[in-house]
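A.B. asks: Next input, structure requested:
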Amino acid sequence: MDVLAIDHVQLVMPQGEEDKARIFYEGILGIPETPKPAKLAKRGGAWFENKYVKIHLGVEDNFLPARKAHPALVVSDLEHLITKL
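C.D. replies: Have a look, this model is predicted:
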């Protein structure tokens, strides 16, 4: 058995911040939101997926941002992203 790839990355966010996540992941990074399964959608959060990456955001009531953990994304035009940001 070989590990071939990462299927998705699960990150956490504060409750009620889905719109901010949409602005960043879909609006700025261009990763479209994909519907969560009905059983999971009621928990909040949002999923963003394209053919290269899957980023799933879950909600934590007592959210504390990770100090060092982060996803590292490869982009085709870093200067363009910097301008958008």
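A.B. asks: Let me see the ranges of the strands in this structure.
C.D. replies: Along the chain, counting by DSSP state E, strands occupy 9-14, 33-34, 46-49, 54-60.
A.B. asks: Keeping just the C-alphas, turn the longest one into CSV.
C.D. replies: It refers to strand 54-60. The C-alpha coordinates for strand 54-60 follow below in CSV (Å, rounded to 0.1, in the frame of the first residue of the first chain):
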residue,chain,number,x,y,z
LYS,A,54,-10.1,20.4,-1.7
ILE,A,55,-10.3,22.6,1.4
HIS,A,56,-13.0,21.8,3.9
LEU,A,57,-13.8,24.3,6.7
GLY,A,58,-15.5,23.1,9.8
VAL,A,59,-16.8,25.1,12.7
GLU,A,60,-15.5,25.0,16.2
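A.B. asks: Counting by contacts, list what it packs against.
C.D. replies: With contacts defined as 3 or more CB pairs under 8 Å, 6 or more residues apart in numbering; DSSP states H and E, strand 54-60 has these neighbours: strand 9-14, strand 46-49. Quick note: C-beta positions are derived from backbone N, CA and C, even for glycine.
A.B. asks: among these, which is nearest Leu64?
C.D. replies: strand 9-14 (8.8 Å; CB to CB).
A.B. asks: Buried residues in the closest one, which are they?
C.D. replies: By neighbour count on 16 or more other CB atoms under 10 Å, the buried set for strand 9-14 is Leu11, Met13.
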